[in-house]
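In: 3D model of this:
(one chain, ligands or ions: 1)
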Amino acid sequence: MVSVKKIQKVVVLGTGGTIAGTAASASEQVAYTAAQLGVDQLMAAVPGLDKVLDGRQLLVEQVAQLDSKDMDHATWQLLACRCAHWLAQDDVGALVITHGTDTLEETAWFLQSVLQPHKPVVMVCAMRPASSDEADGPQNLRDALVVSAQPSAAGVCVVCAGVIHSARDVQKVHPYRLDAFSSGDAGPLGWMDRGQVQWSSVYARTALQTATLANSVMTFDVQQWPAVEVVLSHAGAGRRVVDALVQTGVAGLVVAGSGNGTVHHVLQAALKDAEQAGVRVRLSTRCIEGRIVGSSRWPDMAGLSPVKARISLMLELLAESSV
Ligand code: ASP
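Out: Numbers count the residues shown, from 1 in each chain. Down below sits the predicted model:
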């Protein structure tokens, strides 16, 4: 009897973004419309696709088609369900997700928190539209496919401009540059070197934890997800925003403090009142790099950026409300 080697599949899920964007001319790199091409068209433009697949079977699925500035909880829920579906198949070795850059770090953290996948889930993007004669999407996609085939890869990561970032640390730090992402003080997980992955030494210690209840996330009506908002401390900060949010029944607030998590005294008073009213308050810093050190008035979510702290607090509250 001939033994048939099980062919591993890689599934590419499309969600839109600039990587699928088009402009009126090939020289236009700023005035374009995101989310125009299907994920199958994106794959067709990947240089040397057969070689990079190296015998793996490619499947594609268009999960959404949006500019990621408009990302919403319903799309997150759908995406988490589709990822869970594919990750559960034994012959699927990895997922690749095409996504816009604007909220990529939030979706990456959301998926990591909810799925905590043992297989690689590689998120990929572009800073130039697919119609550009200098499009960066095809090469980024190629790199993402290479990363997805690494035997040691696991969990959600982001690949852009030859750099591999963890879902936890990645942040968009530039509105235009091709290399628009940074992992800050943590440093990247690795990088591409002549088409091959080089892991950095931080890769081994990126254990990600957050309160999760994957089942609730995938089944609860998103309208019932706890409302958690980010408020910013700044010169002249008042209490109007916090008071209005409390009135609308917000369940949690993440304050993006200045510097080492300092909060304007007027905003602080409003947050204390919100806490008294049952709202859960968490602290983060609006500083792009570093994390809050020393003790602070509110827990700081282990150095997560404000937008990722919002996701973790929402999941924490969701987990509590579903037990
Ligand atoms: N607005 C676009 C998006 O996030 C930007 C990009 O993909 O670079 O979908």
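
In: just for this structure, where's the confidence low?
Out: 1-6, 201-213, 323 (pLDDT under 70).

In: Next, count neighbours for the residue in it positioned nearest to the ligand.
Out: Residue nearest to the ligand within the chain (C-beta to the nearest ligand atom): Gly100, separated by 1.9 Å. Glycine gets a C-beta too; all of them are placed from N, C-alpha and C. By the other C-beta atoms under 10 Å criterion, the neighbourhood of Gly100 contains 25 residues.

In: thinking it is in contact with Gly14, fair?
Out: No - using C-beta atoms under 8 Å as the test, Gly100 is too far from Gly14 to be in contact (11.1 Å).

In: so how far is Thr107 from the residue of the chain closest to the ligand?
Out: Distance check for Gly100 against Thr107: by C-beta to C-beta, to the nearest Å, it reads 9 Å.

In: who touches both of the two?
Out: Overlap between the neighbourhoods of Gly100 and Thr107 consists of 15, 68, 71, taking contacts as C-beta atoms under 8 Å, 6 or more residues apart in numbering.

In: between these, which is closest to Asp179?
Out: Sorting these by distance to Asp179 puts Ser68 at the head of the list, at 18.1 Å, by C-beta to C-beta.

In: Let me know the helix or strand that Gln41 is in.
Out: Assigned by DSSP states H and E, Gln41 belongs to helix 39-44.

In: what about Ala144, which SS state?
Out: For Ala144, the secondary structure call by DSSP: H, G, I helix; E, B strand; the rest coil comes out as helix.

In: Just give the number of residues close to it.
Out: Ala144 has 29 neighbouring residues, counting by other C-beta under 10 Å.

In: Was I right to think it contacts Val96?
Out: Yes - between Ala144 and Val96 there is a contact at 4.9 Å, judged by C-beta under 8 Å.

In: what is in contact with those two at once?
Out: Residues within reach of Ala144 and of Val96 at once, by C-beta under 8 Å, 6+ apart, are 122-124.

In: wait, which of those residues is closest to Pro151?
Out: Minimum separation from Pro151 among these (C-beta to C-beta) is found for Val122, which lies at 13.9 Å.

In: which secondary structure elements does the host helix or strand of that closest one contact?
Out: Taking DSSP H and E as the criterion, Val122 maps to strand 120-124. Contacts of strand 120-124 with other secondary structure elements, assessed using 3 or more C-beta pairs under 8 Å, 6 or more residues apart in numbering; DSSP states H and E, are made with strand 92-98, helix 104-115, helix 137-148, strand 155-160.

In: Recalculate using a threshold of 10 Å.
Out: Where contact means 3 or more C-beta pairs under 10 Å, 6 or more residues apart in numbering; DSSP states H and E, strand 120-124 is packed against strand 9-16, helix 73-87, strand 92-98, helix 104-115, helix 137-148, strand 155-160.

In: Between those, which one is closest to Ala269.
Out: Distance to Ala269, taken as C-beta to C-beta, is lowest for helix 104-115 among these, at 29.3 Å.

In: How about the contacts made by Ala277?
Out: Ala277 makes contacts with 243, 246-247, 249-250, as judged by C-beta atoms under 10 Å, 6 or more residues apart in numbering.

In: Pick the one among those residues closest to Thr75.
Out: Proximity of the contacts of Ala277 to Thr75 was ranked by C-beta to C-beta; the top entry is Val250 with 21.7 Å.

In: Now the helix holding Gln41: buried residues?
Out: Buried residues in helix 39-44, counting neighbours by 16 or more other C-beta atoms under 10 Å, are found at 39, 42-43.

In: Could you do stretch 144-164 as well?
Out: Along stretch 144-164, the positions that meet the burial threshold by neighbour count (16+ other C-beta under 10 Å) are 144-150, 153, 155-164.
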